[in-house]
Structure formats: C-alpha cells, structure tokens
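Asks: the following comprises the amino acid sequence and a computationally predicted model.
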Amino acid sequence: MAKLTENRFWRSLFRRPLPDSDLDRMLTMFSNFFLHILPAKVHRHSLKPGATWGLGVISFVLFLVLIVTGVLLMFFYVPSVERAYRDMKDLKYVVSYGVILRNMHRWAAHGMVAAVFLHMVRVFFTGSYKPPREFNWVLGILLWGITLLLSFTGYLLPWDQLAYWAITVGTSIASYPPWIGEKIRVLLLGGNIVGESALLRFYVLHVVFLPMVLMVLAAVHFWRVRKDGGIARPIALALHPVAGGGPTSAEATARFVPGPLKTYTLVELVRGTSPQVGIQAPEEEVPSWPHLTMRLLIVFELVLVVLTAVSFLFDAPLLEQANPVRPDNPAKAPWYFLGIQELVSYSALVGGVLVPAIALLGLMSIPYMDRDRSDQGIWFGSPAGKRAAWISFLLTVLVIPALLFLDSRFGVRQVAPGAPQFFTDLLNPASVLTTLMAVSSFLTWRATRSRRLGAMVLFTAFVSAYLVFTVIGTYFRGPNWVWVWPWQ
Ligand code: HEM
C-alpha cells in the first residue's frame, strides 16, 4: 500500500494523505473537487437517517446510474422506426449483459421518479421549505417536472406497443390546454402522429437536452442547500448545543450570547460582517470527513446493490413492435401520469388543464404562504400537524371512492346524457374533490389561524389523491376505461 501511495504520481493526484486530525479532515473536504460541494463540518442532526431518509441523495445516485447506463445503451440503439425495436431485441438476446443494462436503466428511471416524489414529501413534512429555502423548493418542483419529462421521453424509445400507445395518450393529454395545447403536441411530435420525427425528437430531448437542464438545475439546487446553511433543522438546535430533546427555541434564544460583530475587509475585495459566534455549539458539528462522506458512500452502494439485484430478477417490459393501426385497449399513459389520465376521463378541461395548473401553482406558492420557521426541521411540526395530516389522508382515501360511486350513479353523464359539456366540466369527481380540498384547507386555517396546518391539509390531500388516482388508473381501469376489479 505504501508503495502505491508514496510516490510522486499518487501525490500529484491526491495532494493530502488520509487525514488524521480534524484540521486535515476539513482541508481534505476543501481541496477535493468532488467533495468541496459538501461543507467541511456538518451538524449531527443532519446525519440522522430520519432527518432526510437520504432521499435527495438516492435521487441523485439514480440519476448518475441513468447517465452511465444511458450512455452505454446509446452504443447499441439507433432512434429510427426501422431499427429501434430490433435494437431492443438485440439488447436482450445478442448483446452480453444487454438485458441487465436495459433493466438497470429502466428500473433506475422508475426509482428516480419515486425517490424525487418521496423527497418532496419529506421536505414538505419536515417544513424544510421555509425561509431561506423557498427558492430551493421552487427549484425542486422544476426538477420534479424535468424528471417526469425525462422518464416520459425515454418511454417511447423501445418502440413497442406499450411505448407507442402510452406516448399517444400522454401527448394527447398535453394537447388539452386551450390555444397552446395543440401547438405543444405538434412541437413534441414533429407532426400530428407518433412517428419517425417524434422518435427522433424524444431521443434528442431524452439524451441531450433534458439531462443537461437537470444537471444545471441540480447543481444550483445543491449549491443552494450549502448557501442556506445545510439541511433545515429545528430552530432550537440551530442555536443550542444539545441535540434532540434540547430546550425550546425561546429558552435557547434566551441563553444565546451573541458574540461581537466584527467587520472584515479582504484587501478591498470583499466587505462584510463576520458571522456571530455565541455559545453556538461547535461540538454539535462534526467533520464531514468521514461522518457525511461515509454515509453517502453507504447510500451509494446500497442503491447500486438493490438496483442490480432488481435488474437481475425482473426484466423491463417489451411487448410486440409498435403497431399504429392496432391501439391497445385501454391505452395507458406511463404510471406517473395515470392519475392525470384518470382525471381526464371525467373532464379533459378540468383533469388535463385546470387541476394540474392549480396543483403546480399551489405547490410552488407553499413556501411563500407559510413562512413561520418555528417548527422547521420537525416532522409534521407538532402533534396537531400530525393529526391534520392523518385526517386529511384518511378523508381523501375515503372520499375519492365515494365520489366515483356517486358519479357512476348520479353524475351529469348518467342523469342528463345530453347536457352540454360545460355541466360535466363543472360537476365531476375531479372538480368536486379540488373544491373540497381547498375548502377544508381554508377552514383549517380559519379555525386554527395556522398557515402550516392549512398547508398540511392541502398538501396531504394532494399527495394522497395523486396516489389513489394512480392506483385506480393502474389496477381498476379496463378496456374503454370502465371500472374493473384487479382480479377480474
Ligand atoms: C432531481 C431531483 C432532486 C434531487 C437530485 C435533489 C437532491 C437533493 C439533495 C441531495 C438534498 C440534500 C438533502 C437530502 O438528501 O434530502 C436536497 C435538499 C432539498 N431539496 Fe431536493 N432534490 C431533488 C428534487 C427536489 C424536489 C422535487 C423538491 C421539492 C419540491 C426539493 C426540495 C429540496 C429542498 C427545499 C431541500 C433543502 C431541504 C432541507 O434543508 O432539509 N428537491 N435535494
């Protein structure tokens, strides 16, 4: 080992030996290109598994796996209607380990969609979007959108029946917004049908444009985590040395002794005031090397092990070659859009345009409405928050089947089949549910005067509804989108 590391070449690569003092550990973090995005020291609270469940890191590791497997797949794939499907077959039967490569790429893509979604849920329920992290939340929503688009554009590439009809459905949902919808669809497809130009456009978006945008946004996202002071933690911990079960924020503030504010100037280049150092607990912070770096390595390896195991056990689906004249019935969008497809089946305007637009704007505005930081970094904020989340979850899960049942018996289409579309748009399960969600959130806010509780009710209902509609679209819809039981 000594022979390997004690020579000029090694030292030109790694300028510092393995650190054995705290100073060295911090210098290692500073001087390494890959590590310098991380802080030199990290608060113990951020290292607890329950603080983040590692979901942001898991999302990023899956993205890295997607880049590596994606580049390898590019060696064997040509995006043309004649070649695409054959190349998929070759990957399965001809290329060594081609099937594993494809499986890893496919399962990592699904895993990333799920991990990013769960990461957003974690960030919300720990109140980690509050100032100064509002903008990072908005960036996160954009990242979620790009992740979905990346997965969606990749869906078409195998050019089998599943891909073809899922994209046909997905792009027709995209055409619902009035005025611009049809233009978006034509822009995406390069024409009116899913054909050669669509395949090429999806390919270029999938392998060049969207990954580049995601990389840039993710870099800004990570940089902001650093600039916002690391992972959000309870205010009391931010000021007081004792982790967990420490004093309330008021006690901590009372015991906080502000240090003198010094003014510094760096050769006229930088002006500012030094950060205040009171009794603010250096002992609660530990060097990132090895405490954080080891944890990151473990998460990285776990993701790889699980993904490889899954890829050996389960093959990515590949149906027969795409056939534009034989539609699948039901033709289903990719699973993460099935909730929207379900809503669209009630009303294209409400399900395909209004609800997604309201949801998107609502999600983005959360941190600008709820700015009280007193419960940041605490799961559900308080026992009342936990109760609100549970009640909202249970109500949503119960109300949706009830609404579907009522719609199937007394809905506009049943009672007055000839009624103008306007009435179906106005009164259908999606519009009624959205109204109920908004009203219950407003009433919670009125009753408690707590924006956090109002947001809690709304967000929990949104996440629960997204999941319930996705399950319904996946398992309970059969030919012509009629209700079927999964065992039928
Ligand atoms: C490609 C997608 C994403 C990646 C790779 C990513 C990655 C990360 C990472 C590594 C962190 C550090 C903490 C952790 O591991 O949880 C983080 C924090 C954060 N993320 Fe994301 N993220 C993504 C999407 C999102 C989404 C969809 C949202 C919310 C809408 C979001 C909002 C935030 C916020 C507010 C923080 C700071 C949290 C705190 O201070 O506790 N991110 N993200």
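Replies: Done, it's in. Since the model is a prediction, treat every value here as computed from it, not as a measurement.
Asks: and the helices in the stretch 351-488 of the chain?
Replies: Under the criterion DSSP state H, counting those that start in this stretch, the stretch 351-488 of the chain contains helices at 355-369, 383-410, 412-415, 421-426, 429-448, 451-475.
Asks: name the nearest residue to residue 77, sequence neighbours excluded.
Replies: Distance criterion C-beta to C-beta, 6 or more residues apart in numbering; nearest residue to residue 77, sequence neighbours excluded, is residue 87 at 4.8 Å. (C-beta placed from N, C-alpha, C; glycine too.)
Asks: again, but for residue 434
Replies: Excluding the flanking residues, the one nearest residue 434 by C-beta to C-beta, 6+ apart is residue 355, at 5.8 Å.
Asks: cool, and residue 167?
Replies: residue 156 (4.5 Å).
Asks: give the contact list for that neighbour.
Replies: Residue 156 is in contact with 163, 164, 166, 167, 194, 198, 199, 202, counting by C-beta atoms under 8 Å, 6 or more residues apart in numbering.
Asks: so what's the closest residue to the ligand within the stretch 1-150 of the chain closest to, chain neighbours aside?
Replies: Nearest residue of the stretch 1-150 of the chain to the ligand: residue 140, at 2.0 Å (C-beta to the nearest ligand atom). Leaving aside its chain neighbours, residue 140 sits nearest to residue 120 (6.2 Å; criterion: C-beta to C-beta, 6+ apart).
Asks: I figured the one you found was touching residue 139, is that so?
Replies: No - with contact defined as C-beta atoms under 8 Å, residue 120 does not reach residue 139; the gap is 11.5 Å.
Asks: hang on, the earlier thing: how much space between the residue nearest to residue 434 and residue 348?
Replies: Residue 355 sits at a distance of 11 Å from residue 348 (criterion: C-beta to C-beta, to the nearest Å).
Asks: which one's more surrounded, these two?
Replies: residue 355 (23 against 19; other C-beta atoms under 10 Å).
Asks: residues in contact with that one?
Replies: Taking C-beta under 8 Å, 6+ apart as the test, what residue 355 contacts is 340, 343, 430, 434.
Asks: before we move on, the earlier item: in terms of neighbours, single out the busier of residue 120 and residue 139.
Replies: Between residue 120 and residue 139, counting by other C-beta under 10 Å, residue 120 is the more crowded of the two (22 against 16).
Asks: SS state for the more buried one?
Replies: With DSSP: H, G, I helix; E, B strand; the rest coil as the basis, residue 120 sits in helix.
Asks: how near is it to residue 222?
Replies: Distance of residue 120 to residue 222, computed by C-beta to C-beta: 16 Å.
Asks: ok, residue 88 next?
Replies: When residue 88 is compared with residue 222 (using C-beta to C-beta), they lie 34 Å apart.
Asks: so between these two, which is more surrounded?
Replies: A direct count of neighbours by other C-beta under 10 Å for residue 88 and residue 222 places residue 88 higher, at 24 against 15.
Asks: test my guess that the more buried one contacts residue 102.
Replies: Yes - counting by C-beta under 8 Å, residue 88 does reach residue 102; the two are 7.3 Å apart.
Asks: grab the most central residue of this structure for me.
Replies: Central residue of the chain (C-alpha atoms, centre = their mean): residue 116, 2.3 Å from the mean position.
Asks: tell me the contacts of that one?
Replies: For residue 116, the contacting residues are 59, 143, 144, 147, by C-beta under 8 Å, 6+ apart.
Asks: those residues of this protein touching the ligand, which are they?
Replies: The chain comes close to the ligand at residues 52, 54-57, 59-60, 116, 119-120, 123, 128-129, 133, 136-137, 140-141, 143-144, 147, 218, 221, 225, 231-232, as judged by C-beta under 6 Å from any ligand atom.
Asks: how many neighbours does residue 484 have?
Replies: Count around residue 484 with other C-beta under 10 Å applied: 13.
Asks: just residue 420 next, same as before
Replies: Residue 420 - counted by other C-beta under 10 Å - has 10 other residues nearby.
Asks: likewise residue 209?
Replies: Here the number of neighbours of residue 209 (other C-beta under 10 Å) works out to 15.
Asks: so the chain: which segments form each domain?
Replies: 37-245+287-328, 333-488 (automatic domain parsing).
Asks: can you tell me the average pLDDT over the longest one?
Replies: When you say that, I think you mean domain 37-245+287-328. Domain 37-245+287-328 carries an average pLDDT of 94.
Asks: that one: end-to-end distance?
Replies: 48 Å (C-alpha to C-alpha, to the nearest Å).
Asks: could you do stretch 47-59 as well?
Replies: End-to-end distance for stretch 47-59, by C-alpha to C-alpha: 17 Å.
Asks: contacts for that stretch, please.
Replies: Residues from elsewhere that reach stretch 47-59, judged by C-beta under 8 Å, 6+ apart: 45-46, 111-112, 115-116, 118-119, 122, 126, 147, 231, 233, 286, 291-292, 295-296, 299-300, 303, 377, 379.
Asks: got the buried residues for it?
Replies: Buried residues in stretch 47-59, counted by 16 or more other C-beta atoms under 10 Å: 47, 51, 52, 53, 54, 55, 56, 57, 58, 59.
Asks: against the centre of the protein, work out the most remote residue.
Replies: For the chain, the C-alpha farthest from the mean C-alpha position belongs to residue 3; by C-alpha atoms, centre = their mean, that distance is 45.6 Å.
Asks: that one is in what secondary structure piece?
Replies: Assessed by DSSP states H and E, residue 3 sits inside helix 2-5.
Asks: ok now the next helix or strand after that helix, how far from the chain's centre?
Replies: With elements assigned by DSSP H and E, the helix or strand that comes after helix 2-5 is helix 8-13. Counting by C-alpha atoms, centre = their mean, to the nearest Å, helix 8-13 is centred 40 Å from the centre of its parent chain.
Asks: C-terminal to the helix or strand containing residue 61, what's the next element?
Replies: Per DSSP H and E, residue 61 falls inside helix 55-74. Heading C-terminal from helix 55-74, the first helix or strand you meet, by DSSP H and E, is helix 84-93.
Asks: before we move on, the earlier item: quick one: the buried residues of stretch 47-59 as a markdown table, columns for distance to residue 15 too.
Replies: Below are those laid out as a markdown table (distance: C-beta to C-beta, whole Å):
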| residue | distance to residue 15 |
| --- | --- |
| 47 | 27 |
| 51 | 33 |
| 52 | 31 |
| 53 | 35 |
| 54 | 30 |
| 55 | 34 |
| 56 | 30 |
| 57 | 27 |
| 58 | 31 |
| 59 | 32 |
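Asks: hmm, back to that, can you tell me how far the residue farthest from the centre of the chain is from residue 20?
Replies: 20 Å.
Asks: what residues does residue 391 make contact with?
Replies: By C-beta under 8 Å, 6+ apart, the contact list for residue 391 reads residue 457.
Asks: give me the pLDDT for it.
Replies: If you check residue 391, the pLDDT there is 97.
Asks: what about residue 315, neighbour count?
Replies: Applying other C-beta under 10 Å, we find 14 residues neighbouring residue 315.
Asks: measure it to residue 101 for me?
Replies: Taken as C-beta to C-beta, the span from residue 315 to residue 101 is 12 Å.
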